[in-house]
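> here are the coordinates; sequence isn't available:
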């Protein structure tokens, strides 16, 4: 599966106590009408626990210029998402109150509709409930994960 290129995103959750975030490449569109996405995360990880508890999350789709940010959000023992975005333009989503990166290629706010345990992962199906304004009128170069590394993809 490492040979299947996937988009690179940062998923954030505001749980009332802190901000949680992680780099995720297992996010796909499931339905256009209604808009639904699928997020798959390690069942043993804190992200799965908090998404299940809160029931909502934000997604920022990263550009190739944001490799360092992808690395920060994937590091073991990473601190609060608020610290990880220090110095990065960001705002809170209107629906989820989760951190949204202003310089992302696109962003979504999502509300969990269903959870399924599959192997060692938890899969969340979530309704897209908001499209926060991010990026510019001229989309940048997308970032994908392929063969264990980050790569640029031209539009």
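Nice, thanks for sending it over. In this text the structure is predicted, and so the values were computed from the model without any measurement.
> Can you verify residue 51 is assigned to a strand?
No: assignment of residue 51 by DSSP: H, G, I helix; E, B strand; the rest coil gives helix, placing it outside any strand.
> So it is in contact with residue 15, correct?
No: counting by CB atoms under 8 Å, residue 51 sits too far from residue 15 to count as a contact (9.4 Å). From N, CA and C alone the C-beta is placed, and that goes for glycine too.
> Buried residues in the helix or strand of the chain with the lowest mean pLDDT, which are they?
Ranked by mean pLDDT, DSSP states H and E, the weakest helix or strand in the chain is helix 81-84, scoring a mean of 86. By neighbour count on 16 or more other CB atoms under 10 Å, the buried set for helix 81-84 is 81, 84.
> Show me the contact partners of that helix.
For helix 81-84, the external contacting residues (CB atoms under 8 Å, 6 or more residues apart in numbering) are 12, 18, 19, 20, 21, 69, 72, 73, 78, 99.
> how about 10 Å then?
Residues from elsewhere that reach helix 81-84, judged by CB atoms under 10 Å, 6 or more residues apart in numbering: 10-14, 18-22, 69, 72-73, 75, 78, 90, 98-99.
> picking that back up, who's more crowded, residue 51 and residue 15?
residue 51 (25 against 16; other CB atoms under 10 Å).
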